[in-house]
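> Attaching a predicted model along with its sequence, questions to come.
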Amino acid sequence: MQESGIGDIDKLVDQLLRDEDYLLAKELKHKIDELNHLFIQAERQHLDVELKTSKMDVPSGGTVNWLELRILKEL
């Protein structure tokens, strides 16, 4: 019975690795983690980072979230 459970888990993992939505969500989370680490570094270097989100139309007719970034440093 235990072997059956392991086989089911393997099938689920294989399915998730082929699921484009899952892979995209995982990549987005990874990039956000990277950005957060960069924001910490920017703070250490006394950079003022400003983020703005907006909606942007895309050729397919939908809209997407768009991220704008401004980095300021006092001279």
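Now that the structure is in, tell me what you want to look at.

> Now do the strands in the protein.
According to DSSP state E, the chain carries its strands in the segments 48-57, 63-72.

> Mean neighbour count added to the ones you listed, as TSV?
Where you see a C-beta, it was placed from the backbone N, CA and C, and this is true even at glycine. Putting those into TSV (neighbours: other Cβ atoms under 10 Å) gives the following:
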stretch	mean neighbour count
strand 48-57	10
strand 63-72	10
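
> any chance of those in JSON lines, with mean pLDDT and distance to residue 18 too?
Formatted as JSON lines, the strands of the chain follow (pLDDT from 0 to 100; distance: least, Cβ to Cβ, whole Å):
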{"stretch": "strand 48-57", "mean pLDDT": "95", "distance to residue 18": "30"}
{"stretch": "strand 63-72", "mean pLDDT": "94", "distance to residue 18": "24"}
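
> Need those in CSV (columns: distance to residue 35).
Converted to CSV, the strands of the chain look like this (distance: least, Cβ to Cβ, whole Å):
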stretch, distance to residue 35
strand 48-57, 9
strand 63-72, 9
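
> Between the ones you listed, which one is closest to residue 37.
With Cβ to Cβ as the criterion, residue 37 lies closest to strand 48-57 of the strands of the chain, at 12.5 Å.

> Would you give the sheet partners of the closest one, along with the direction of each?
strand 63-72 (antiparallel) (DSSP bridges).

> Restricting to C-alpha, output the strand it pairs with in CSV.
Taking C-alpha atoms only, strand 63-72 is exported to CSV below (Å, rounded to 0.1, in the frame of the first residue of the first chain):
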residue,chain,number,x,y,z
THR,A,63,-4.6,43.8,-19.5
VAL,A,64,-1.6,42.9,-17.4
ASN,A,65,-0.1,44.3,-14.3
TRP,A,66,2.9,46.5,-15.2
LEU,A,67,5.6,47.4,-12.7
GLU,A,68,7.5,50.7,-13.0
LEU,A,69,10.7,51.4,-11.0
ARG,A,70,12.4,54.6,-10.0
ILE,A,71,15.7,54.6,-8.2
LEU,A,72,17.0,57.8,-6.5
